[in-house]
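Asker: Model the following, please.
(one chain, ligands or ions: 1)
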Amino acid sequence: MARFGGLVASGLQDVTHDPSALDSSGFWAVCADFEGRTVCARFSSVRREEVPAPVPGAWRGPAAGEWATSLDRDAYTAGVRRIREHIAVGEVYQANLCRVLSAPLSEAEPGRADVDALTALLARGNPAPYAGTIRLPDHGVEVATASPELFLRRDGRTVESGPIKGTGRTEGDLLEKDHAENVMIVDLVRNDLGRVCATGSVTVPDLCVVEKHPGLVHLVSTVRGELAEGAGWPELLTAAFPPGSVTGAPKSSALRIIEELERAPRGPYCGAVGWVDADRGTASLAVGIRTFWIDRTGPAPLLRFGTGAGITWGSDPEREWDETELKASRLLAVASGTFEQTGFEQTGRTVS
Ligand SMILES: C=C(O[C@@H]1C=C(C(=O)O)C=C[C@H]1O)C(=O)O
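Answerer: Numbering: from 1, shown residues only. Here you go, the predicted structure:
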């Protein structure tokens, strides 16, 4: 099954790794790993249904102390300093440095932990505009996202992206440097979309709008274009994936630096999670941030979650580490099941 906001898809029909299927017919759930593995799953039925209330005990998440990180504070801050060296020699302007947190997943019965039960908790503890779930354990996809970020929306030939860059606890935390970071990524996304859009059609209707999300604020821009004749999903994804906001600029250099510094695959984190309605010509794919996934490839199942930050010349290593903690803390509390008792009032006031 798959769930996106108030839509639920069921009745799995077929699964493919070939994105040209998204130009055919039917309703598809899409999960693309940052590393490029794309799973497209067609469902026979889509209905409107609000996310149900959490069932007590249905999700058993890890306690706060059970999470291990692919980069600890020392390794992460050393990575930030290394990126500043790359910037100093002119190799890159910005690179997004991420770490992946992992914790053992306790299951009453093997194979039974249910990402949709986690989604019910997330919908209340951390509502998000691009929240979604894809549960296809036989195809290696068990993902629950609380993403605030639009990777690609489509309505016919119109395509839109909503890159985020700039994060703070409150609006007052946002600095000039956050605007500069955002504009760099907007330039990159304009360039990405420009490769598959009609000449002159790419515009930036919104630049650096402040959006409030649970526990934090972001700067969000919108880039829009009209797909050129002959360009379909394969061309669009080749031009725009992985998303510019979670790579950096120039994208190819940023990808090399990420490969050098990060120690764990990002998986669906920083990839794309969402749906394509090929019959109506509409789609909404989130950037897979604020995203949990179950990894059953090892001897015991793990719950994973990624967090990261855009690094520029103006970055302070400790502040960037704190930003990764800020992005993770509320969501980890929700997934551990402790959030509603201890965190809701406090964090709710911070955003209002
Ligand atoms: C990498 C993450 O966030 C990305 C980096 C941001 C920033 O640097 O301000 C904001 C949103 C995302 O594009 C994350 O949330 O894990």
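Asker: Only C-alpha atoms from now on, for both contacts and neighbour counts.
Answerer: OK.
Asker: Show me where this protein dips below the pLDDT cut-off.
Answerer: 340-352 (pLDDT under 70).
Asker: Spell out which parts of it neighbour the ligand.
Answerer: Contacts of the chain with the ligand, taken as C-alpha under 6 Å from any ligand atom, map to 164-167, 245-246, 289-290, 306-310, 327.
Asker: same thing but at 5 Å, please
Answerer: 164-167, 245, 289, 307-310 (C-alpha under 5 Å from any ligand atom).
Asker: residues touching residue 287, list them.
Answerer: 147, 149-151, 243, 269-273 (C-alpha atoms under 8 Å, 6 or more residues apart in numbering).
Asker: Now tabulate these in JSON lines and tack on secondary structure.
Answerer: As requested, the contacts of residue 287 are exported to JSON lines (DSSP: H, G, I helix; E, B strand; the rest coil):
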{"residue": "147", "secondary structure": "strand"}
{"residue": "149", "secondary structure": "coil"}
{"residue": "150", "secondary structure": "strand"}
{"residue": "151", "secondary structure": "strand"}
{"residue": "243", "secondary structure": "coil"}
{"residue": "269", "secondary structure": "coil"}
{"residue": "270", "secondary structure": "coil"}
{"residue": "271", "secondary structure": "coil"}
{"residue": "272", "secondary structure": "strand"}
{"residue": "273", "secondary structure": "strand"}
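Asker: Throw the residues you listed into TSV and include neighbour count, thanks.
Answerer: Putting the contacts of residue 287 into TSV (neighbours: other C-alpha atoms under 10 Å) gives the following:
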residue	neighbour count
147	22
149	24
150	25
151	28
243	27
269	31
270	29
271	26
272	28
273	33
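Asker: Let me know the closest of those to residue 187.
Answerer: residue 243 (12.6 Å; C-alpha to C-alpha).
Asker: From residue 270, how far off is the closest one?
Answerer: 7 Å (C-alpha to C-alpha, to the nearest Å).
Asker: Return the subset of the residues of the chain next to the ligand lying in helices.
Answerer: Among those, no member falls in helices (DSSP state H).
Asker: If any of the residues you listed are buried, put those into a ChimeraX selection.
Answerer: Command for ChimeraX that selects the buried part of those, burial taken from 16 or more other C-alpha atoms under 10 Å:
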select :164,165,166,167,245,289,307,308,309,310
